[in-house]
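Peer 1: Got a predicted model here, sequence first, then my questions.
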Amino acid sequence: MNVRVIVGEDDFLVEETAKKAIGGVEGLEVIDSANATNAELQLADLRRADESFSTPPFLDPSKATWWKNVHFLPGGRSSEEVKEALEKFAAKIASSPLPENQVFVISGPTLLKTSVFAKRLAGAAEIVSFAAEKPWEAQRGAVVRAIDDAAAMGLKFAPGAAERFVATVGVDSRSLRSELEKMRDYLGPSAKEITAADVAEISSPGAKVEAEVWDVTDAIGARNPGAALAALSRFERESGYEVFMSGVIEKFFRQLLDVKLGRAGAMSPYAARKNAGFAAKWSENALRRARARFLALREKAVSGSSSVGSLVSTELLRAFRAA
């Protein structure tokens, strides 16, 4: 189809898909609605998109229109006036097939599939939606993208390194690509493999990735008190530290106990394998006691009855000694 609507919260993935859709087309007109913050500006951009859609290529052998960053498609925030105008435009697209040498692409963060706009485009446009995923599904998809992007750069990940890379960088496609390019430059032209040590040495958290909470849980799982306390120290000045960290640690001990008892079905395959290695270092009784203590600690932190900040480290050291 010559008309495509591409939507998703991962703007880099949306942009890359849009670029592929218009690849090879010589005459390109871009209408960027990133700054269309009110109905007047949104309607002005819509009129420009309509005019471009209605103007076939004359002097150029082909033409493409890319209407990008349309954050006011149905499902986003827009006025009734804009919503009605979009619906009329969708009806026009459906009733006016484009010539073979013309492509029209709309991209944005979201589109309500049950909207009148989407229904009117059904059959007349290809709608590509990168829907929000469950966290572990997003993680798995990011690992696949990282492996593919690395392969395109002539690199491959050592076993477990791709998962560690995504855990560090996050699932944002733009951050993954940027960090892989940095990794390629760091390793040099003769390198062929990315190891977990390389990831630890060079990779940085990407967009929307906070401090590395997995450094705390990894150190606990490995029963490394020094590393665990060092990782904890990076969170101590954060607001709500006691509630957040006692909850994180309680959940981690619960996950290790689930693995120990063969109840890891809800975990991703990678997390289950990783936690199985950690669980082997802890006895069932030690995990039960540690989980109970951190559950009680979190309840105390939530109640605000007293300051428990120092008790997080104290209880963690107690868990290590008991194990």
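Peer 2: Perfect, I can see it now. Numbering: from 1, shown residues only.

Peer 1: Please make it C-alpha for all contacts and neighbour counts, starting now.
Peer 2: Noted.

Peer 1: now the strands: where do they sit in the stretch 51-200 of the chain?
Peer 2: Assigned by DSSP state E, counting those that start in this stretch, the strands in the stretch 51-200 of the chain fall at 63-68, 102-108, 126-130, 156-157, 193-194.

Peer 1: what domains does the record give for the chain?
Peer 2: 3-130, 135-202, 213-322 (automatic domain parsing).

Peer 1: So for the longest one, mean pLDDT?
Peer 2: Read that as domain 3-130. The average pLDDT within domain 3-130 is 92.

Peer 1: The second one now?
Peer 2: Throughout domain 135-202, pLDDT has a mean value of 89.

Peer 1: Show me what the helix or strand where N275 lies is packed against.
Peer 2: Assigned by DSSP states H and E, N275 belongs to helix 269-279. If you count contacts as 3 or more C-alpha pairs under 8 Å, 6 or more residues apart in numbering; DSSP states H and E, helix 269-279 packs onto helix 213-221, helix 241-260.

Peer 1: need those in TSV with distance to D10, mean pLDDT and mean neighbour count, can you?
Peer 2: Below are the helices and strands packed on helix 269-279 laid out as TSV (distance: least, C-alpha to C-alpha, whole Å; pLDDT from 0 to 100; neighbours: other C-alpha atoms under 10 Å):
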stretch	distance to D10	mean pLDDT	mean neighbour count
helix 213-221	23	88	20
helix 241-260	27	90	21
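
Peer 1: Kindly reformat the ones you listed as a markdown table containing distance to S283.
Peer 2: Formatted as a markdown table, those follow (distance: least, C-alpha to C-alpha, whole Å):
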| stretch | distance to S283 |
| --- | --- |
| helix 213-221 | 12 |
| helix 241-260 | 9 |
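
Peer 1: quick one: the helices in the protein?
Peer 2: Using DSSP state H, the helices of the chain run over 11-21, 39-54, 80-95, 116-121, 135-152, 161-169, 173-187, 196-202, 213-221, 225-233, 241-260, 269-279, 284-303, 309-322.

Peer 1: Please identify which of those helices is closest to V128.
Peer 2: Among the helices of the chain, helix 11-21 comes nearest to V128, with 8.9 Å by C-alpha to C-alpha.

Peer 1: Enumerate residues external to the closest one that contact any of its residues.
Peer 2: Contacts with helix 11-21, where a contact means C-alpha atoms under 8 Å, 6 or more residues apart in numbering, come from 4, 6-8, 66, 105, 107-109, 130, 172-174.

Peer 1: repeat for stretch 254-262
Peer 2: If you take C-alpha under 8 Å, 6+ apart as the criterion, stretch 254-262 is touched by 264, 272, 275-276, 278-280, 284, 287-288, 291.

Peer 1: Pull out the buried members of these.
Peer 2: Buried members of these, counted by 16 or more other C-alpha atoms under 10 Å: 264, 272, 275-276, 278-279, 284, 287, 291.

Peer 1: So of these, which two are at opposite extremes in space?
Peer 2: A272 and R291 (18.3 Å).

Peer 1: re earlier: in a markdown table: the strands of the stretch 51-200 of the chain, plus mean neighbour count and distance to R184.
Peer 2: As requested, those are exported to a markdown table (neighbours: other C-alpha atoms under 10 Å; distance: least, C-alpha to C-alpha, whole Å):
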| stretch | mean neighbour count | distance to R184 |
| --- | --- | --- |
| strand 63-68 | 24 | 30 |
| strand 102-108 | 24 | 30 |
| strand 126-130 | 17 | 28 |
| strand 156-157 | 20 | 11 |
| strand 193-194 | 18 | 9 |
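
Peer 1: export the ones you listed to CSV and tack on distance to E201?
Peer 2: Formatted as CSV, those follow (distance: least, C-alpha to C-alpha, whole Å):
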stretch, distance to E201
strand 63-68, 37
strand 102-108, 35
strand 126-130, 32
strand 156-157, 15
strand 193-194, 11
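
Peer 1: of all those strands, which lies closest to T114?
Peer 2: Closest approach to T114 among the strands of the stretch 51-200 of the chain is made by strand 126-130 (12.6 Å; C-alpha to C-alpha).

Peer 1: just the buried ones among the contacts of stretch 254-262: which has the poorest pLDDT?
Peer 2: Lowest pLDDT among the buried ones among the contacts of stretch 254-262: A264, with 74.

Peer 1: From L111, how far off is that residue?
Peer 2: Here A264 is placed at a distance of 35 Å from L111 (C-alpha to C-alpha, to the nearest Å).
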